[in-house]
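Visitor: next one to model:
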Amino acid sequence: MPIRNRFAELHPDITAWRRDLHAHPELQYDLPRTAGIVADKLRAFGCDSVIEGIGRTGVVALIKGKSDTSRRTIAFRADMDALPIFEATGAPHASKTPGKMHACGHDGHTAMLLGAAQYLAETRNFDGTVAVVFQPAEEGGAGAEAMVQDGLIETFGISEIYGLHNSPLLPLGQFAIRPGAFYAAVDSFHIEVRGKGGHAARPNNTVDTTLAASAIVMALQSVVSRNTDPQQPLVVSVTSFRTESEAFNVIPEQVMLRGTVRSFDMEVRNATIARIERIAALTAESYGATATFGFDEEPYPVMANHEVETAHCVAAAEAVSGTCITDAPRTTGGEDFAYMLQACPGAYIQLGIGEGPGLHHPSYDFNDEVIPTGCSYWVSLAEQRLPL
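Guide: Residues are numbered from 1 along each chain as shown. Below you'll find the predicted structure:
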């Protein structure tokens with residue numbers, strides 16, 4: 001059967017888990033409720049061991065197959081954290097915490113992997129060990145790197161690792177993947193613009209930071225259009241413009257800009273960062289102000305799938321849905337699963353949830369109809385990679 005019958009039975013339960021997680025979002029590493037629920041369920045399923053605190057608040061469970069002649073362990077990863085967004089879905093299970101919401105579907109990723117873990121613990125129809133990995137802090141904070149640095153791969157002897165992300169850009173149940181670079185490197189930057197504040201009625205007595213910062217924002221639009229090879233994918237976005245005062249009659253002393261760079265090539269990335277820093281400094285100077293450039297967080301590297309493991313994902317996806325797009329376009333979204341793929345062979349696949357609000361939108365909600373497909377994919381991948 002393409003989709004395991006057991007997941008039709010478990011569908012209401014897994015949906016309830018997902019909606020409960022959605023209603024109680026937690027951010028980055030601060031996941032006491034989420035990680036606690038995950039660990040409790042894994043123990044209740046009868047997993048052979050459940051280890052908490054990997055990468056600060058990550059959870060790993062080991063499920064042993066009916067035999068272990070292969071002496072191999074493969075790992076499946078789901079992310080658990082939400083985003084600092086005010087939810088606008090109006091759903092009955094909407095976030096109960098204003099300013100936090102699961103706007104990227106990590107609640108769905110966690111629920112589907114929990115469902116797969118329950119099935120694998122019940123059936124154990126594989127030879128070897130499956131490690132289910134529940135990661136904190138994908139949305140900034142590099143939780144994947146923290147888990148790797150905490151010994152995830154070596155401690156559990158993982159030989160292959162796989163990840164999955166939902167996509168509102170794909171039809172419901174459609175899988176998509178590509179070998180090599182798939183998700184972009186991510187840099188998050190800030191530019192502090194300083195001038196001379198004063199009364200808005202007498203701008204001639206000030207160095208207007210809002211004017212200088214606005215000019216910087218506009219000038220940065222030339223980086224992609226005029227300073228980069230058009231054959232090289234690149235995004236430069238300024239996403240935040242904040243002053244130290246909200247008064248209508250005050251020209252502020254300081255303005256803080258924040259933004260992101262998305263790239264696939266290190267030379268392009270380095271040249272872009274240098275260009276942004278120079279444009280900001282010289283543009284501010286032309287207005288009599290100063291601009292200081294810096295990074296908010298450690299950049300995420302390019303996430304690149306391993307070719308052989310990509311083929312394994314395709315085989316599992318085709319076993320479930322009959323088809324899999326194997327030349328999915330590269331995405332300028334970032335994904336810290338890149339750190340796990342740098343440490344271990346593996347691959348990352350997309351699963352369509354049907355048309356709807358995009359990821360990170362306040363009206364986004366995970367489509368629970370895809371749960372049996374996602375759970376079945378994990379099971380198929382386990383049984384194909386660790387055949388009895």
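Visitor: and what about Ala61, helix, strand or coil?
Guide: Three-state assignment for Ala61 (DSSP: H, G, I helix; E, B strand; the rest coil): strand.
Visitor: and for Ser240?
Guide: strand.
Visitor: right, and it touches Val255 too?
Guide: No - applying Cβ atoms under 8 Å, one finds Ser240 not in contact with Val255, separated by 10.3 Å. For the C-beta atoms, the positions are set from N, CA and C on the backbone; glycine is no exception.
Visitor: the helices in the stretch 1-150 of the chain, which residues?
Guide: Applying DSSP state H, counting those that start in this stretch to the stretch 1-150 of the chain gives helices spanning 5-23, 32-45, 106-123, 143-149.
Visitor: over to the stretch 201-350 of the chain?
Guide: Going by DSSP H, counting those that start in this stretch, the stretch 201-350 of the chain shows helices at 209-220, 222-227, 266-286, 307-321, 337-343.
Visitor: tell me which of those lies nearest to Ala103.
Guide: helix 337-343 (18.3 Å; Cβ to Cβ).
Visitor: for the closest one, C-alpha coordinates in CSV please.
Guide: C-alpha atoms of helix 337-343 as CSV (Å, rounded to 0.1, in the frame of the first residue of the first chain):
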residue,chain,number,x,y,z
PHE,A,337,20.0,20.9,8.5
ALA,A,338,23.0,22.0,6.4
TYR,A,339,25.1,21.4,9.5
MET,A,340,23.9,17.8,9.8
LEU,A,341,24.6,17.2,6.1
GLN,A,342,28.1,18.5,6.6
ALA,A,343,28.7,16.0,9.4
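Visitor: from the helices of the stretch 1-150 of the chain, which stretch is densest packed?
Guide: helix 106-123 (a mean of 25; mean count of other Cβ atoms under 10 Å).
Visitor: which other helices and strands does that helix contact?
Guide: helix 5-23, helix 32-45, strand 58-64, strand 73-79, strand 129-135, strand 158-167, helix 371-385 (3 or more Cβ pairs under 8 Å, 6 or more residues apart in numbering; DSSP states H and E).
Visitor: for this structure, what helix or strand is lowest in average pLDDT?
Guide: helix 222-227 (a mean of 91; mean pLDDT, DSSP states H and E).
Visitor: in terms of secondary structure, what does that helix contact?
Guide: Taking 3+ Cβ pairs under 8 Å, 6+ apart as the contact cut, helix 222-227 packs with strand 234-243, helix 266-286.
Visitor: CSV for the ones you listed, including mean neighbour count?
Guide: Listed next are the helices and strands packed on helix 222-227 as CSV, based on neighbours: other Cβ atoms under 10 Å:
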stretch, mean neighbour count
strand 234-243, 16
helix 266-286, 17
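Visitor: make CSV out of those and add distance to Ile3 and mean pLDDT.
Guide: What follows is the helices and strands packed on helix 222-227, written out as CSV (distance: least, Cβ to Cβ, whole Å; pLDDT from 0 to 100):
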stretch, distance to Ile3, mean pLDDT
strand 234-243, 36, 96
helix 266-286, 41, 96
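Visitor: including distance to Ala343, could the ones you listed go into a markdown table?
Guide: Compiled in a markdown table, the helices and strands packed on helix 222-227 are given as follows (distance: least, Cβ to Cβ, whole Å):
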| stretch | distance to Ala343 |
| --- | --- |
| strand 234-243 | 26 |
| helix 266-286 | 19 |
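Visitor: circling back: show me what counts as buried in the least confident helix or strand of the chain.
Guide: Going by neighbour count (16 or more other Cβ atoms under 10 Å), the buried part of helix 222-227 is 223-224.
Visitor: need the residues that contact that helix.
Guide: 234-236, 271-272, 275-276, 279 (Cβ atoms under 8 Å, 6 or more residues apart in numbering).
Visitor: residue ranges with poor pLDDT in the stretch 201-350 of the chain?
Guide: Scanning the stretch 201-350 of the chain for pLDDT under 70 picks out nothing.
Visitor: which non-adjacent residue is nearest Glu192?
Guide: Counting by Cβ to Cβ, 6 or more residues apart in numbering, the nearest residue to Glu192 once its immediate chain neighbours are dropped is Thr292, at 4.6 Å.
Visitor: what's around that neighbour, how many residues?
Guide: The tally of other residues near Thr292 (other Cβ atoms under 10 Å) stands at 13.
Visitor: do the one 10 residues further on as well
Guide: Residues within reach of Val302, counting by other Cβ under 10 Å, total 23.
Visitor: need the contact list for it.
Guide: 181, 183-185, 263-264, 338.
Visitor: same thing but 10 Å
Guide: 180-186, 262-266, 269, 330, 334-335, 338, 341-342 (Cβ atoms under 10 Å, 6 or more residues apart in numbering).
Visitor: ditto for Ala382
Guide: 63, 65, 74, 76, 116, 119-120, 123-126, 128-130, 132, 162, 316.
Visitor: pull out the buried members of these.
Guide: 63, 65, 74, 76, 116, 119-120, 123-124, 126, 128-130, 132, 162, 316.
Visitor: closest to Ile371 among the residues you listed?
Guide: For these, the nearest to Ile371 is Ala116 (10.2 Å; Cβ to Cβ).
Visitor: per-residue pLDDT, the nearest residue to the closest one once chain neighbours are set aside?
Guide: The shortest distance from Ala116 to any non-neighbouring residue, by Cβ to Cβ, 6+ apart, is to Trp378 (3.6 Å). Per-residue pLDDT puts Trp378 at 98.
Visitor: do you know how far Trp378 is from Gly354?
Guide: Distance, Trp378 to Gly354, using Cβ to Cβ, to the nearest Å: 20 Å.
Visitor: which one of the two has more residues nearby?
Guide: Ranked by neighbour count (other Cβ under 10 Å), Trp378 and Gly354 place Trp378 first, with 24 against 16.
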